[in-house]
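Participant: Sequence below, structure please.
(one chain, ligands or ions: 2)
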Amino acid sequence: MTGAHAGPPHDPAESAREELRPEHYDYFAGGAGEETALRENEDAFGRLALLPRVLRGGADRDTRVSVLGRQWPAPLFVAPTAFHRLAHPDGELATARAAAATGTPLVTGMAATTAVADVVTAARETDPDAVVWFQLYLQPEHEVTAELVLRAERAGCSALVVTVDSPVFGRRTRDLRNGFHDLPPGLAAENMRDLPGAAPGATRDIAMRSAGWDDLAGLRELTDLPLVLKGVLHPEDARAAVEQGVDALVVSNHGGRQLDAAPASVEALPAVAEAVAGRVPVLMDGGVRRGTDIALALALGARAVGVGRPVLWALATGGEAGVREALTALREDFDQVLALCGGHRPQDLTADQVVPRGLPYQPRRGERAW
Ligand SMILES: Cc1cc2nc3c(=O)[nH]c(=O)nc-3n(C[C@H](O)[C@H](O)[C@H](O)COP(=O)(O)O)c2cc1C
Ligand SMILES: O=C(O)C(=O)c1ccccc1
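Facilitator: Ligands and ions are numbered 1, 2, ... in the order given. As a prediction, the model looks like this:
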């Protein structure tokens with residue numbers, strides 16, 4: 001060892017902040033209200049410990065999981081986030097190539113700054129078998145929603161992720177303070193271009209609306225693609241969704257950007273997993289930053305986890321290569337954690353291995369410990 005100090009651990013958000021305009025960094029980093037839900041997503045993982053099992057052997061590990069009929073190399077996907085070209089000029093194309101190169105399924109957002117067809121093309125040029133899903137907000141006009149679904153189908157997306165936690169847009173404190181509400185000139189939500197009811201070449205605004213279960217049934221009529229409901233926190237909603245025939249769920253509080261009093265995603269996960277009882281895969285996102293977070297979520301019932309901001313930070317600092325490295329590092333970290341927990345497969349992680357941090361009991365007063 002040399003005498004040199006290793007310095008503090010690398011903070012991807014801090015590095016990205018140095019690359020971005022302050023209002024764009026704040027848009028990516030921020031949450032709703034007092035940012036309680038945002039903080040809690042990460043903090044809740046920190047309140048949980050993993051109990052490793054020993055003497056089970058650690059060789060011949062396999063991190064693959066099966067989701068909607070496809071094998072994913074690891075229980076990890078890229079969660080949908082808006083406006084990647086605010087992070088890097090290559091935007092969603094870089095993200096798509098990096099996701100494909102690492103075998104990581106990508107959920108491309110309706111609010112992407114690159115059209116879904118171009119995103120899927122970039123992914124498939126990198127890996128012809130790349131998994132790309134399309135995230136959708138149900139729009140007030142049925143024909144607009146229908147056209148968006150058709151575009152996702154034609155592009156080659158293999159599932160629709162319907163975000164249901166946004167009947168209205170969350171009150172984003174930083175954006176209000178910064179006066180950030182529009183993309184800079186030259187950037188647009190490209191999926192919203194040339195839709196019914198807008199002038200040729202123009203983009204429509206993305207509408208938030210209070211959709212109901214009927215609308216989901218309407219969507220089921222419109223497409224044969226698997227439907228994934230994103231933003232479920234209440235176990236009764238999870239049960240209803242399964243009964244309505246949804247194909248998967250994402251437990252999510254939208255990265256703390258919608259209801260500020262919402263629980264951390266990982267706190268909501270066990271009750272949702274119990275209600276679903278294995279009938280459909282339960283995915284989750286929110287606050288996943290390291291292999292132990294992935295392992296905790298899996299042990300508590302998730303089939304796979306999504307990452308949102310970590311991808312944006314990697315994109316901002318390193319473009320395509322940066323995202324590739326971040327996704328690879330997460331997967332390798334998870335693989336090592338799996339081994340340390342005594343697991344060979346993701347499904348070897350079980351709920352009994354998750355314990356709250358802090359002493360589970362207090363020794364009785366006055367009693368000698370030994
Ligand atoms: C900048 C930003 C934009 C987002 N845009 C969308 C979106 O358009 N649609 C959506 O369903 N979720 C969106 N999300 C939520 C993510 O899909 C995901 O739930 C969340 O970011 C996960 O938390 P994490 O960032 O802590 O990993 C966005 C999140 C961020 C940070
Ligand atoms: O910022 C978000 O979280 C988000 O979901 C969104 C929705 C519509 C347009 C842009 C972003």
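Participant: these two touch, right, Glu30 and Leu176?
Facilitator: Actually, residue 30 is Gly. It isn't Glu. No. Applying Cβ atoms under 8 Å, one finds Gly30 not in contact with Leu176, separated by 9.7 Å. C-beta: built from backbone N, CA, C; applies to glycine.
Participant: For the stretch 51-200 of the chain, what lies in contact range of ligand 1?
Facilitator: Applying Cβ under 6 Å from any ligand atom, one finds that the stretch 51-200 of the chain approaches ligand 1 through 79-82, 109, 111, 135, 163.
Participant: is any part of stretch 71-88 close to ligand 2?
Facilitator: Yes. Against ligand 2, stretch 71-88 shows contacts by Cβ under 6 Å from any ligand atom at Ala82.
Participant: and the closest residue to Thr63 other than its chain neighbours, how many neighbours does it have?
Facilitator: Nearest residue to Thr63, sequence neighbours excluded (Cβ to Cβ, 6 or more residues apart in numbering): Ala74, at 4.5 Å. Using other Cβ atoms under 10 Å, Ala74 is surrounded by 25 other residues.
Participant: Can you say which helix or strand has Ala74 in it?
Facilitator: Ala74 belongs to no helix or strand when elements are defined using DSSP states H and E.
Participant: residue contacts, it?
Facilitator: 63-65, 103-104, 304, 330-331, 334-335 (Cβ atoms under 8 Å, 6 or more residues apart in numbering).
Participant: Drop anything exposed from these.
Facilitator: 63, 65, 103-104, 304, 330-331, 334-335 (16 or more other Cβ atoms under 10 Å).
Participant: With secondary structure and pLDDT added, can I get the residues you listed in a markdown table?
Facilitator: A markdown table is the format used below for the buried ones among the contacts of Ala74 (DSSP: H, G, I helix; E, B strand; the rest coil; pLDDT from 0 to 100):
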| residue | secondary structure | pLDDT |
| --- | --- | --- |
| Thr63 | coil | 98 |
| Val65 | strand | 98 |
| Gly103 | coil | 98 |
| Thr104 | coil | 99 |
| Ala304 | strand | 98 |
| Leu330 | helix | 98 |
| Arg331 | helix | 98 |
| Phe334 | helix | 98 |
| Asp335 | helix | 98 |
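Participant: Looking at those residues, which is nearest Ser265?
Facilitator: Ser265 lies nearest to Ala304 out of the buried ones among the contacts of Ala74, by Cβ to Cβ, at 13.1 Å.
Participant: Can you tell me, leaving aside adjacent residues, what's nearest to the closest one?
Facilitator: Nearest-residue entry for Ala304: Pro75, 3.9 Å, with adjacent residues in sequence omitted and distances by Cβ to Cβ, 6+ apart.
Participant: any chance of the residues of the stretch 51-200 of the chain next to ligand 1 in TSV, with neighbour count too?
Facilitator: Output for these, formatted as TSV (neighbours: other Cβ atoms under 10 Å):
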residue	neighbour count
Ala79	26
Pro80	23
Thr81	24
Ala82	18
Gly109	27
Ala111	18
Gln135	26
Thr163	23
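Participant: Pick out the most distant pair among these.
Facilitator: For those, the farthest-apart pair by Cβ to Cβ is Ala79 and Ala111; their separation is 12.6 Å.
Participant: In the stretch 51-200 of the chain, what residue spans correspond to strands?
Facilitator: With DSSP state E, counting those that start in this stretch applied, the stretch 51-200 of the chain shows strands at 65-67, 70-72, 76-78, 106-108, 132-136, 160-163, listed in chain order.
Participant: Burial-wise, tell me which of those comes out on top.
Facilitator: Mean neighbour count (mean count of other Cβ atoms under 10 Å) peaks for strand 106-108 among those, with a mean of 28.
Participant: what is the mean pLDDT for that one?
Facilitator: Per-residue pLDDT values across strand 106-108 average out to 99.
Participant: what residues does that strand touch?
Facilitator: Counting by Cβ under 8 Å, 6+ apart, 77-80, 92, 95-96, 99-100, 116, 119-120, 123, 130-135, 157, 161, 306 sit against strand 106-108.
Participant: Please apply the same query to stretch 288-298.
Facilitator: Counting by Cβ under 8 Å, 6+ apart, 42, 45, 48, 50, 75-76, 266, 269, 284, 287, 304-307, 310, 330, 332-338, 341, 346-347, 349, 354 sit against stretch 288-298.
Participant: In strands, which of those appear?
Facilitator: The strands, defined by DSSP state E, take in 48, 50, 76, 284, 304-307, 354 from the contacts of stretch 288-298.
Participant: Flag every buried residue along stretch 325-334.
Facilitator: By neighbour count on 16+ other Cβ under 10 Å, the buried set for stretch 325-334 is 326-328, 330-331, 333-334.
Participant: neighbours of the residue lying closest to Asp62 once chain neighbours are set aside, just the number please.
Facilitator: Nearest in space to Asp62, with sequence neighbours left out and distances taken as Cβ to Cβ, 6+ apart, is Arg345 at 5.7 Å. Per other Cβ under 10 Å, the neighbour tally for Arg345 reads 13.
Participant: Tell me the pLDDT of the residue of the stretch 251-370 of the chain found nearest ligand 1.
Facilitator: Going by Cβ to the nearest ligand atom, ligand 1 is nearest to Gly308 of the stretch 251-370 of the chain, at 2.3 Å. Predicted confidence (pLDDT) for Gly308: 99.
Participant: Is stretch 150-164 in proximity to ligand 2?
Facilitator: No. Applying Cβ under 6 Å from any ligand atom, one finds stretch 150-164 separated from ligand 2 by no less than 6.9 Å.
Participant: which residues are in contact with that stretch?
Facilitator: So stretch 150-164 is contacted by 68, 70, 80, 107-108, 115-117, 119-121, 124, 131-138, 149, 191, 211, 216, 219, 223, 225-232, 247-248, 250, 254 (Cβ under 8 Å, 6+ apart).
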